[in-house]
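*Asks:* One predicted model, sequence on top.
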Amino acid sequence: VHVVQTVSWSPDGRAVRIVDQRRLPGEFAECELRTVRDVCDAIRTLAVRGAPAIGVAAAMGLAASLLPFAGEPVHRLRDRLREHAEAIRASRPTAVNLPRAIDRLLAAAEPAGDSAELLEALRREADAVRDEDRAMCERIGAHGAALIAHGARVLTHCNAGALATAGIGTALAPVYVAARAGRQVHVFAGETRPLLQGSRLTAWELTRAGIPVTVLADGAAAALLRTGTVDVVLVGADRIAANGDVANKIGTYALALASRHHGVPFYVAAPTSTLDPCTTAGDQIPIEHRPAGELLEPFGTANAAAFNPAFDVTPAALITGYITDRGLFVDPARLFASLTATSESLA
Ligand code: MRU
């Protein structure tokens, strides 16, 4: 199963190369992010998107954005680092992977004695953010594959696949691992209004990987669940609050409600970098509201106001379980306890 490389270093090592997700599926194009402005614009316009990929692009982008200033004295470079870090941090509010990645780089730069050391520390930490993300995707896949029997029919929303991470995705990771093991899997992908991450991105990457996919309008999900043709619902997360509430792409909450009504198990897959122990409950998660034009302009301009939150919150009570790199959890308290647990106690 071949998955796309969403974020990488450019050949000269001085820029972040990303798959430009604004242009899929019509065109496979990559672009390079060199400046802090490039990085912020790419995140804000969803050229790179999905919580883990945003964190990885932010980390690598922050490191790359300082390279042209290598000749400056270290105190000047530190001022610049803080300035770039805060600009990138502010580019999107909901996915906690973004501030977490930025904070990791700031901490890694602390001990540096000169400019060369500082830039080296940033690059090393950015590589670690990327490599850890890739490894966490694999472990999510391994833990979640137990839920995917031969012939399974999986419903997902938005894109929580390779395009949303540095690896094989989160919600789609169990699908890829099951497919690698030779199991047949069929994915139903909600199209995901208004920016169509489901029909544009999830359908594209699954088809490319040879996994059959059926796209449905978001409004068709309840009707599909009612027919009994979905075995399991798998979605990703942008932030998981300490009580287990989950912020994810708008429409996830409606899917969880319909799944509960029809008795279909509803799982959230996420790396531990998406767990936010500092946010006590879902209603405290900052929700991004996006421009009205995304809703009103596709077919000429509708003369109306728009309600366009990019994410919603699904209460923990509607979630059957959480698939993370640390294992499969039913109880949110145990999920958060896993953050501090040793690997022996998890085994
Ligand atoms: O607005 P997006 O496309 O960045 O939203 C993405 C999602 O909601 C994903 O489900 C989430 O980030 C998890 S991606 C592994």
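*Replies:* That came through fine.
*Asks:* Quick one: residues contacting whatever residue of the chain ends up closest to the ligand.
*Replies:* Closest contact between the chain and the ligand, by C-beta to the nearest ligand atom, is at Gly236 (2.8 Å). Quick note: C-beta positions are derived from backbone N, CA and C, even for glycine. Listed by C-beta atoms under 8 Å, 6 or more residues apart in numbering, the contact set of Gly236 reads 50-51, 158, 160, 164, 169-171, 248-249, 268-270.
*Asks:* Inside strands: which ones of these?
*Replies:* Applying DSSP state E to the contacts of Gly236, the entries found in strands are 248-249, 268-269.
*Asks:* For the nearest residue to Phe329 once chain neighbours are set aside, identify the helix or strand it belongs to.
*Replies:* Closest residue to Phe329 apart from its sequence neighbours, by C-beta to C-beta, 6 or more residues apart in numbering: Leu335 at 4.0 Å. Element membership of Leu335 [criterion: DSSP states H and E] is helix 332-337.
*Asks:* do the same with Leu328
*Replies:* Using DSSP H and E, Leu328 falls in strand 327-329.
*Asks:* Show me where the stretch 151-300 of the chain has its helices.
*Replies:* 173-180, 203-208, 221-226, 252-262, 293-296 (DSSP state H, counting those that start in this stretch).
*Asks:* Deepest in the core, which of these is it.
*Replies:* Ranked by mean neighbour count under mean count of other C-beta atoms under 10 Å, the helices of the stretch 151-300 of the chain are led by helix 173-180, which reaches a mean of 25.
*Asks:* Just the residues contacting that helix, thanks.
*Replies:* So helix 173-180 is contacted by 1, 3, 137-138, 140-145, 147-148, 152, 154, 162, 167-169, 185, 187, 206, 209-211, 234, 269, 323 (C-beta under 8 Å, 6+ apart).
*Asks:* What helices and strands are in contact with the strand holding Leu328?
*Replies:* helix 115-144, strand 321-324 (3 or more C-beta pairs under 8 Å, 6 or more residues apart in numbering; DSSP states H and E).
*Asks:* Quick check: the farthest pair among the ones in strands among the contacts of Gly236?
*Replies:* Lys249 and Ala269 (13.3 Å; C-beta to C-beta).
*Asks:* okay, and the common contacts of these two?
*Replies:* 235-236.
*Asks:* roughly how far apart are Leu210 and Ile140?
*Replies:* If you look again at residue 210, you'll see it is Gly, not Leu. Going from Gly210 to Ile140 by C-beta to C-beta, to the nearest Å gives 20 Å.
*Asks:* Please say which of these two ends up with more neighbours.
*Replies:* Ile140 (32 against 9; other C-beta atoms under 10 Å).
*Asks:* Get me the contact residues on the stretch 201-347 of the chain for the ligand.
*Replies:* 236-238, 248-249, 310 (C-beta under 6 Å from any ligand atom).
*Asks:* do that again at 8 Å, thanks
*Replies:* 201, 235-238, 248-249, 252, 269-270, 274, 288, 310-311 (C-beta under 8 Å from any ligand atom).
*Asks:* With pLDDT as added columns, please give the residues you listed in JSON lines.
*Replies:* Listed next are these as JSON lines, based on pLDDT from 0 to 100:
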{"residue": "Leu201", "pLDDT": "98"}
{"residue": "Val235", "pLDDT": "99"}
{"residue": "Gly236", "pLDDT": "98"}
{"residue": "Ala237", "pLDDT": "98"}
{"residue": "Asp238", "pLDDT": "98"}
{"residue": "Asn248", "pLDDT": "98"}
{"residue": "Lys249", "pLDDT": "98"}
{"residue": "Thr252", "pLDDT": "98"}
{"residue": "Ala269", "pLDDT": "98"}
{"residue": "Ala270", "pLDDT": "98"}
{"residue": "Thr274", "pLDDT": "98"}
{"residue": "Glu288", "pLDDT": "98"}
{"residue": "Ala310", "pLDDT": "98"}
{"residue": "Phe311", "pLDDT": "98"}
